[in-house]
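**Student:** pasting the structure only:
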């Protein structure tokens, strides 16, 4: 194990957990979505770190260059970013509707209103 | 916001430039970073800028939701259709090599078609989503 | 002093500026200060990306900076519109060109 | 380093220093409107110097053109955004800070 | 050069993420989220992922911010102070994070060209895509051709989000009816 | 051409049809299109299953790029079983959706609604056949986004919050899965499932592989709604429109269970999962506790839909129990129960939808005497309920029987007892409904049978419950074949 | 806004600007990319026309002569103003005297006002707060800077031909 060589991974994990914490600890639904976004973007960083090759160059074929970064994680993350936006858009649409129906976007207040309804 | 004099003039000036830049990003995706998705976002944001400054009521007639919906579906169909064409020409789904006599030419053709599909869908869906949010009125305080 | 080390130093200076903008964004106190900070942060990032482009010698990275310069503007406009009208769709204000 | 590279380095360093000063101003100044001026420093001259310095280092016409384009966009959008922001702040009831009368307003 | 800028960017990211986790203003949260995307775009660029940086900048700075602001204009920006205890979420996060860090310790070293991902599957893309696909951007050729089906899925995901948002937010009539019934 | 591309067609057809559906005018046309597609998919999946039953493994390279460079679609006995299941349920639920959704939601948004339904179907099928670990994520998200939308389109405002918590849990689960795949990729350099399976043994000793395994399993368990992670499910099922509930209950969690099986046995291998990792110690206790506790909760519900939702969580316990036993027989039982539970829950929720169509609610106390007013509909409910309990000659009996056999084989006697107790609890909650519906007096005795357009699809599934309970060649054959090929014993 | 040949002129100018932008960005001269460029420029032009945003405001081709002189003077002003603001920022004890001034501008066209307003904002130390009719409200970092802005130096410098056609 090599702490210096891995600080990238460690920081990425810390970021992920900050996002994850926001998702599970905050009651506000918009905040949850923002936390989810941070969680996802940090996972993307994990992938890109995996694909990084030190001394390599961006994977666009250029004459005279032999060492490229790994393009596959880039491709995967491009797809995942799109998935992230799609989720964010849908989640926000849901929150807007929840606000209209319940008058609040705080999870515990919503739960109280729901329980009152039975 | 159209009474914002400065904003209005600058937006009028910027919108065509954003459009050309977006399409440049699209068509040069093969040689440099970029591609259908980023271009779709840029094209949509040109329209979003228009809507922000001149009001949604002015943007809707220019890019009508019905038309956008058709373009969005059309993009998916274009992508899928290219794939099905691969099947019809005797290959697998999304096998572009069989689309032309020379496999490399076929690949090229296929990639151009599917990137267009991506552009269509992304640009129109982004704009539709913006319409859906911005076109809604704030609920009365409860 | 090689060009690479100059670029590094300059990059750190840009990052320091970004840090100050970030601090202003976190301190506030008004929402306008925050938007100002975000806008400034954005322009500095454009510079940073341009710097990274120069480091790798690839002019196509500049496309990213260009994209960001354009998109950042739209974000700020959206935020402002929200603060002035409370809605992005804002149907009225078609007339009355001067405010 | 060749002459043009020296020029580029000097421009870059100047731009970066100017940017730093702007950043200090944004932190130091007492209210939103004054901070706007400090941010203006970093947007105009600092960006211009910085990008032209990079153009010297690139030494490639396409990069120069793109850098010019970036500068051009920043030049257009930044005062527009500043103005819109100032206008919104005024509209939103923010009072400019004034010396003497009310030092903390 | 990379590692120093890298470290500073990571520090910024942590500050921003902490501010999001602790702050109470949703609007500030939205702006910080934009910053977060932007900073990560910078990191992607440092790690040679230009296409990803491009997309993240477009999405994070453009789409996400505009969408969040648009949604906040319908929701309101104040967030109420939290009443529940933080203990359980904190415990879950610490356990998850610790296990992940524990697991990443023996990942192959960061940036080593000898890592397994660089020697399986990918060499074909880098060596042959020039002649098989004929375009220089390897990311584009993998995206559009070798893994074109994933990209088809990506387009469909966006399409699905569009369908969902339109189904949820399109049309005001049903919304009024629901509110009368609901309240 | 069709024979060559048959593996891809069930996924591609609904995807394209979803785009077409958006373009159609509101009304019946989107529904007709969706139904037609569902039948085509069912036919294709049957044809595929027959080939898989012959022991054939079909590999289909998407885009013509052979694996591991391209995305592979790979059909063996396990996914053939799953495809038949999804196809069958869709073929029955889609026709049912027409009248039911028209009554519950109106027709103005039918193009979008059926587009979402088709996207959901395509996503599920995509997960089932793909042989690429990242492609799984993409299709997982397609089907998840569609299902959040579908759940949120329920009438009650609680549907919105249910959909939101589903979205949060689902996305966190998918992201955990993504982390796991990322770590695996860092270790092996491949995303193809078969290739992964071949390369994992080399790195099995590393901690990164263990972490990857943990994240994938936990992520999938969120999607499965395994006991402590199940909280999103009851609300989502309760407030979604009836047709959507039938479809979700019958396929969504089942696909996730299949994925878990695929990863635990097919990719990591039973040896790694049970020797290297203490998976059995995790799964069996959770399954047992979940099975018993949620069955008890189900008894206490006064809304039938919610009761069935909790029962679904309990039934997931049986499947996980089968997975946790780590034997070929247990695995076969789990796969069998995936299939059989889909049939019975599909039938139950459809019968419930037909009842709600007339009564307007699923509150139990308003169902008094409903058995006399809607005898055929209620009979379908009862028949499917018997299958849920596990009465002989129904599918429910077959899978529980195999589960008991697997437990006996390993000498896990307490588990046999748990299975029996679970069935007894099911007798109680189904019995409550029967009691209210048949033996309590309602306000009127007027006949008001559900329309034939709802009854016929429901009864088709009910009959399937008996058919596959008696003739078990296809299902048991495929399940055993799958269990053998996945390698059940560590 | 302006009918006939006048509008045509703006279309052509916009088209040329866009084509130049494409060529500059692309830097490729093979037929395929030129064709794609033509398509892109055509699309942007068509959209701009549909949006009705092609007019003298967005494409002020009628300003020609005085523009270069104006730019040079503006750049000089920006440099001077920057040094002023930098001095204020770096002063050990802040000595700024923020002031809001109002003044009447001679610009009658919208374009003239925009140019003036943006020029004022571009020069650090002054920000245009609001434009009401021809009345400008400007915030200055110090009283001197603000008063200089109100003195109308910049105003008089804007080329006369901005007003053409009004």
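**Tutor:** Here it is on my side, so go on. These numbers come from a predicted model, not from an experiment. Numbering: from 1, shown residues only, chains lettered A, B, ... in the order given.
**Student:** now for residue 67, how many residues are close by?
**Tutor:** All of this is about chain A. By the criterion of other Cβ atoms under 10 Å in any protein chain shown, residue A:67 has 12 neighbours. Where you see a C-beta, it was placed from the backbone N, CA and C, and this is true even at glycine.
**Student:** my bad, chain E
**Tutor:** 27.
**Student:** do I have it right that it meets residue B:130?
**Tutor:** Yes. Contact criterion Cβ atoms under 8 Å: residue E:67 and residue B:130 qualify, at 7.5 Å.
**Student:** what residues does the residue most central in space within chain B make contact with?
**Tutor:** Nearest residue to the geometric centre of chain B (Cα atoms, centre = their mean): residue B:123, 2.5 Å. Residue B:123 sits next to B:39, B:40, B:41, B:43, B:44, B:71 when contact means Cβ atoms under 8 Å, 6 or more residues apart in numbering or on different chains.
**Student:** the one helix or strand residue G:23 maps to vs chain B: in contact?
**Tutor:** Using DSSP states H and E, residue G:23 maps to helix G:5-26. Yes. Using Cβ under 8 Å from any Cβ of the partner chain, helix G:5-26 reaches chain B at G:14, G:17, G:18, G:21, G:22, G:25, G:26.
**Student:** can you turn the buried part of the contacts of residue B:123 into a ChimeraX selection?
**Tutor:** Buried members of the contacts of residue B:123, defined by 16 or more other Cβ atoms under 10 Å in any protein chain shown, are picked up in ChimeraX with:
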select /B:39,40,41,43,44,71
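**Student:** need phi/psi at residue G:137.
**Tutor:** Here is the backbone geometry of residue G:137 (degrees, to the nearest 10): phi -110, psi 130.
**Student:** that one contacts residue G:102, doesn't it?
**Tutor:** Yes. Counting by Cβ under 8 Å, residue G:137 touches residue G:102, with 5.0 Å between them.
**Student:** between these two, tell me which one has more neighbours.
**Tutor:** Neighbour count, other Cβ under 10 Å: between residue G:137 and residue G:102, residue G:137 has more, with 18 against 12.
**Student:** what about that one, distance to residue G:119?
**Tutor:** 15 Å (Cβ to Cβ, to the nearest Å).
**Student:** and what of residue C:22?
**Tutor:** For residue C:22, the distance to residue G:119 - Cβ to Cβ - is 30 Å.
**Student:** who's in contact with residue A:111?
**Tutor:** Applying Cβ under 8 Å, 6+ apart, no residues qualify as near residue A:111.
**Student:** and the pLDDT at it?
**Tutor:** Residue A:111 is assigned a pLDDT of 85 by the prediction.
**Student:** SS state for it?
**Tutor:** helix (DSSP: H, G, I helix; E, B strand; the rest coil).
**Student:** which ones among the residues of helix G:5-26 next to chain B also lie next to chain C?
**Tutor:** Counting by Cβ under 8 Å from any Cβ, nothing from those sits close to chain C.
**Student:** same list (the residues you listed) but as a markdown table, adding neighbour count, distance to chain D and pLDDT.
**Tutor:** Putting those into a markdown table (neighbours: other Cβ atoms under 10 Å in any protein chain shown; distance: Cβ to the nearest Cβ, whole Å; pLDDT from 0 to 100) gives the following:
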| residue | neighbour count | distance to chain D | pLDDT |
| --- | --- | --- | --- |
| G:14 | 24 | 16 | 86 |
| G:17 | 17 | 12 | 87 |
| G:18 | 24 | 13 | 89 |
| G:21 | 21 | 8 | 88 |
| G:22 | 24 | 12 | 89 |
| G:25 | 21 | 7 | 85 |
| G:26 | 20 | 9 | 84 |
